[in-house]
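A.B. asks: Pasted the sequence and its predicted model underneath.
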Protein chains: 2
Amino acid sequence: MAAAAPPPPPSPAPEPSMNLLEPIRLDLPIFSRVRLATSADVPHIHKMIHQMAVFEKLTHLFSATESSLTATLFNSPPFTSITVFLLEVSPNPFTTASASSAAAFSPIDRVVHLDLPLVDPERETFFSDKANDITVAGFVLFFPNYSTFLAKPGFYVEDLFVRDCYRRKGFGRMLLSAVAKQAVKMGYGRVEWVVLDWNVNAIKFYEEMGAKIQDEWRICRLTGEALQAYGD
Amino acid sequence: MAAAAPPPPPSPAPEPSMNLLEPIRLDLPIFSRVRLATSADVPHIHKMIHQMAVFEKLTHLFSATESSLTATLFNSPPFTSITVFLLEVSPNPFTTASASSAAAFSPIDRVVHLDLPLVDPERETFFSDKANDITVAGFVLFFPNYSTFLAKPGFYVEDLFVRDCYRRKGFGRMLLSAVAKQAVKMGYGRVEWVVLDWNVNAIKFYEEMGAKIQDEWRICRLTGEALQAYGD
């Protein structure tokens, strides 16, 4: 299909939709920040969870809504239950952290230098602070688990997601490292998560980060009608 | 070695150690109960976690002590964090539930009829109520997890353990069912746990209970020095 595409019209005007989207076009650098998410971030988190379901071809399992997320997230102090770190990017340095974030977790900043300009077609949708040109680019959602052998809590990472146009730039590592750093800070014993066995790139990436793949273990899941049957 | 054992002395007196152990010898029935564990149960829980490590040939990963378990368990209301259900057995019907258990969880009773007498060589060690002849026979330890696709919590079962002499009598199912029933009661979406891929009997048992094995997913674990490196 690519070879059969018609040639562009002569001297085309700029695409109007591109102007509306105001894409990020940066040579260097991108300023990025990992901060604690709050309930105000639920609309962006909801959109990213849906994008993740599309990426994993699991939209048939997706039933979360903004209101069901709002009802179940951010009801406990950070790190005691479900916790979300948000990844934000901006063409400008981050100058202030929100007060609620700074109390429990000091945001982690990183400057990323790119070889090519970066275009974010959904920049408008994911503005978390339009006045300061700050866009949400990803998130990691985790909660405590527990090892009886260690008699220590750990963190289980349920979701690690970076929006499409921000991938392969070290942001996934930045988010997962932030969880690992917090685990060490709290004296926790482990950080765990799951990966699809055919996703060799992800496995390689996780192993490079120091993780061991637990090849012998399989996850068992009791859900839906099979679970409901136990309610009688 | 068994074939070379000397014959018993003529007219032997009853083995003193057997008297001391007072093994359970029941034709039928055994009365069993699942109740919430409390910090008073930590010594028994600790012993069973160690027995589980021996069974799984993972004692090199076992470093829990009674005091480290006491420090990390039972610090939150039941079901909001790490929760333990204890399985107890007795030759007599259970007449009273402890007040602390009954408030958050009504104990589940079951009468088990056996074809052969049951001998518990560690009965003395695992008495939870010697006056009422109640012995600890197993436990299940679980805590909340969360599904972003469902926007619902669930339960993750970290340990399911039944002491050796009580296995294959439906007690494992009784413990896991109690967790599933509690999940349904709380409106949770899933109960999950892991199984070793070579443990075909366990996999068959879990599938009969309605669980699906998530064949494609692998657990990633960041621990030890690899985790500590993120603290710098």
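C.D. replies: Received, thanks. In this text, all values refer to a predicted model and were calculated from it rather than measured experimentally.

A.B. asks: Mind pulling up the pLDDT for the closest residue to residue A:140 other than its chain neighbours?
C.D. replies: Nearest non-adjacent residue to residue A:140, counting by CB to CB, 6 or more residues apart in numbering or on different chains: residue A:175, 4.2 Å away. Every C-beta, even on glycine, is put in place using the N, C-alpha and C of the backbone. Note on residue A:175: pLDDT of 98.

A.B. asks: same question, residue A:4
C.D. replies: 38.

A.B. asks: Residue A:14 too?
C.D. replies: Listed pLDDT for residue A:14 reads 41.

A.B. asks: And the strand ranked longest in chain A, how far out from the chain middle?
C.D. replies: For chain A, the longest strand by residue count, based on DSSP state E, is strand A:134-147. Distance, stretch centre to chain centre, for strand A:134-147: 7 Å (CA atoms, centre = their mean, to the nearest Å).

A.B. asks: Assumed the residue nearest to residue A:140 was part of a helix.
C.D. replies: Yes - looking at residue A:175 with DSSP: H, G, I helix; E, B strand; the rest coil, it is inside a helix.

A.B. asks: center of chain A - which residue?
C.D. replies: When CA atoms, centre = their mean is applied to chain A, the residue found nearest the centroid is residue A:139 (2.3 Å).

A.B. asks: For residue A:191, list the residues it contacts.
C.D. replies: Residues near residue A:191 by CB atoms under 8 Å, 6 or more residues apart in numbering or on different chains: A:142, A:154-157, A:176, A:179-180, A:183, B:221-223, B:227.

A.B. asks: From those, which land in strands?
C.D. replies: Per DSSP E, the subset of the contacts of residue A:191 in strands is A:142, A:154, A:155, A:156, A:157, B:221, B:222, B:223.

A.B. asks: Closest one of these to residue B:82?
C.D. replies: Here the nearest of the ones in strands among the contacts of residue A:191 to residue B:82, counting by CB to CB, is residue A:154; it sits at 11.7 Å.

A.B. asks: For that closest one, which non-adjacent residue is spatially closest?
C.D. replies: residue A:190 (3.6 Å).

A.B. asks: correct me, but the one you found touches residue B:221?
C.D. replies: Yes - with contact defined as CB atoms under 8 Å, residue A:190 counts as touching residue B:221 (5.8 Å).

A.B. asks: which parts of stretch A:28-45 are buried?
C.D. replies: A:30, A:31, A:32, A:33, A:34, A:35, A:36, A:37, A:41, A:42, A:44, A:45 (16 or more other CB atoms under 10 Å in any protein chain shown).

A.B. asks: start to end distance for that stretch?
C.D. replies: End-to-end distance for stretch A:28-45: 27 Å, by CA to CA, to the nearest Å.

A.B. asks: Please apply the same query to stretch A:203-221.
C.D. replies: 22 Å.

A.B. asks: next one: stretch A:48-68
C.D. replies: First residue to last in stretch A:48-68 (CA to CA) measures 15 Å.

A.B. asks: That stretch close to chain B?
C.D. replies: Yes - residues of stretch A:48-68 contacting chain B under CB under 8 Å from any CB of the partner chain: A:49, A:52, A:53, A:58, A:61, A:62, A:63, A:64, A:65, A:68.

A.B. asks: so what's the nearest residue to the second one once chain neighbours are set aside up against?
C.D. replies: To tie it back to what came earlier, the one meant is residue A:52. Of all residues not flanking residue A:52 in the chain, residue A:161 sits nearest, at 4.9 Å (CB to CB, 6+ apart). Residue A:161 makes contact with A:48, A:49, A:51, A:52, A:138, A:139, A:140, according to CB under 8 Å, 6+ apart.

A.B. asks: Kindly report the same for residue A:64.
C.D. replies: With contact taken as CB under 8 Å, 6+ apart, residue A:64 is in contact with A:46, A:49, A:50, B:148, B:149, B:150, B:151.

A.B. asks: Pick out the one among these with the largest number of neighbours.
C.D. replies: Comparing those by number of neighbours (other CB atoms under 10 Å in any protein chain shown), residue B:148 comes first, having 25 neighbours.

A.B. asks: Can you classify the nearest residue to that one once chain neighbours are set aside by secondary structure?
C.D. replies: Nearest in space to residue B:148, with sequence neighbours left out and distances taken as CB to CB, 6+ apart, is residue A:49 at 4.7 Å. Recorded secondary structure, residue A:49: helix (three-state DSSP).
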